[in-house]
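Trainee: quick one, structure for this:
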Amino acid sequence: MPADGQILYAEHAQDILAATLELMHSGEPCALVTSLNIEGGAAREVGSLSVISGRGDMIGYLSNGCIDRDIIHHGMAAIDTGQVKHLRYGAGSPYLDLKLPCGGALELVIDPAPDLAVLEAALACLLNRQKTVLAFEGPGGPVQIEYVPKPALILAGRGAIFRTTARLAAQMDFELHLASPDLEDLASLKVLKPTKQQPMTTPSARIDLPIDAYSAVLLVFHDHEWEQAILMHAAQQYPFFIGALGSRRTQAMRIERLKHAGLGETECGQIHGPIGLVPSLRNASLIAVSALAEITANLPPSQIRLSSS
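Mentor: Presented below is the predicted three-dimensional model:
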C-alpha cells in the first residue's frame, strides 16, 4: 500500500499517546511505533513515539524525510497483517538506500495492536504530572522506557517580554501557565490556549499554579515587588529551573530580600539571574529566546531506556 499520508510533527509522548488513544477509541486501525535503540547520530531520542493511522498518516516522527515515509509503509503492512514488526535503519540494515548520518543506526518496533488499558493508564499518569513506564517488545526481549510529563512553564510578568515569551513558549510546546497583574496581557494570550491563567491582584498574593520537578518558573517583571511571594513558594517546590528578569545588582538585592524573609541558602541557590544565555539584551523577542534557551539547557530528559532482557 502506498505511504502518501501526512506527517504531523508532534514530539512529546503525552501527545502521541493521546493521538493513539483517539484513533483506537474511534475504531480506526493504527500502529504505535517506538525507537528502541540508537547508534551514533539520530534525529530523535531512544523511546520516541509515533502512531500510524489506517489512512497512512503519521503523528510524531522517528527520523527525517524518506525514513519516516518508509516507516509509514511498514506500519501500514503491520496493520494489514496484525503482526509486530522490528526494523533497523542505517548501519547493518537491509535497507541500503536509507542511510543515517555519520554511520549511525536506528532500531524500532511497530505494534499494530497496542494495549488500550496500558496506554490509557500511561497517559493518565502523564496528565497528572507523574512519570510512567511502558514496556515494548524488542528483538531480544522486553524493553522498558520511562516517560516524564510534558515540561511546564510557569510564566509570571507583564508587558512585551511577558507576551513574547508566552508566544514563543507555546510554539516550543511547553504546557503553559500564566500569571499577571495585567488583565489586558492575559486576554491577549488566550489565543495560545494556556493550561491555566491567573490574574494577580496584589504583590503579596501567592500564585495558585502547579509547580513540580518538570516545571520551569520564569518571572519577567520590571516592577520587582511582584516577585517575592512567587519566588518564596516556587523555590520550596524544587522545579528544574527558576529565573527572574533583572541585572546582577537586581539579582543580588533579590536574593538578600529572600534570605531576610527566611528562604534558605539552598533554595536561594536555585534562582537564576540575570536570566538568559545572552547578557544585556534590550529587545523583548531576543530576551525571550535567550531565557527559553537557558530553560531548554536545563530540561530533564523526556524519556529514559531503563532495561532490556
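Trainee: contacts only, for the nearest residue to residue 302 once chain neighbours are set aside.
Mentor: In space, not counting the residues next to it along the chain, residue 302 is nearest to residue 148; the distance is 6.1 Å by Cβ to Cβ, 6 or more residues apart in numbering. Glycine gets a C-beta too; all of them are placed from N, C-alpha and C. Taking Cβ atoms under 8 Å, 6 or more residues apart in numbering, we find residue 148 in contact with 126, 131, 214, 300, 301, 302, 303.
Trainee: what bridges to residue 154?
Mentor: Note on residue 154: beta-bridge partners by DSSP bridges are residue 177, residue 217.
Trainee: contacts for stretch 243-257?
Mentor: For stretch 243-257, contacts defined as Cβ under 8 Å, 6+ apart pick out 157, 161, 216-222, 224, 227-228, 231, 268, 271-275, 287, 291, 294-295.
Trainee: got any ranges where the stretch 101-250 of the chain has weak pLDDT?
Mentor: 101-103 (pLDDT under 70).
Trainee: which residues in it form helices?
Mentor: Ranges of helices within the stretch 101-250 of the chain are 116-127, 159-171, 183-188, 228-235, 248-260, based on DSSP state H, counting those that start in this stretch.
Trainee: by how many degrees do the last one and helix 228-235 diverge?
Mentor: This means helix 248-260. Helix 248-260 and helix 228-235 are oriented at 70 degrees to each other (axes from the mean of the first three to the mean of the last three Cα atoms, to 10 degrees).
Trainee: buried stuff in helix 248-260?
Mentor: 250, 251, 254, 255, 257, 258 (16 or more other Cβ atoms under 10 Å).
Trainee: cool, and the fourth one?
Mentor: Using 16+ other Cβ under 10 Å as the test for burial, helix 228-235 gives 228, 229, 230, 231, 232, 234, 235.
Trainee: correct me, but residue 294 touches residue 278?
Mentor: No. Assessed by Cβ atoms under 8 Å, residue 294 is found out of contact with residue 278, at 9.2 Å.
Trainee: so which of those two has more stuff around it?
Mentor: residue 294 (19 against 13; other Cβ atoms under 10 Å).
Trainee: residue 50 touches residue 60, doesn't it?
Mentor: Yes. Contact criterion Cβ under 8 Å: residue 50 and residue 60 qualify, at 3.1 Å.
Trainee: now do the shared contacts for these two.
Mentor: Here residue 50 and residue 60 have 16, 33 as joint contacts, going by Cβ under 8 Å, 6+ apart.
Trainee: those two: which is more packed in?
Mentor: residue 50 (30 against 26).
Trainee: for the more buried one, give me phi and psi.
Mentor: Backbone geometry at residue 50, expressed as degrees, to the nearest 10, gives phi -150, psi 160.
Trainee: out of the helices of the stretch 101-250 of the chain, the one nearest residue 41 is which?
Mentor: Taking Cβ to Cβ, helix 159-171 is the member of the helices of the stretch 101-250 of the chain nearest to residue 41, at 25.3 Å.
Trainee: next, the buried residues of that closest one.
Mentor: For helix 159-171, by 16+ other Cβ under 10 Å, it's 161, 162, 163, 164, 165, 166, 167, 168, 169, 170.
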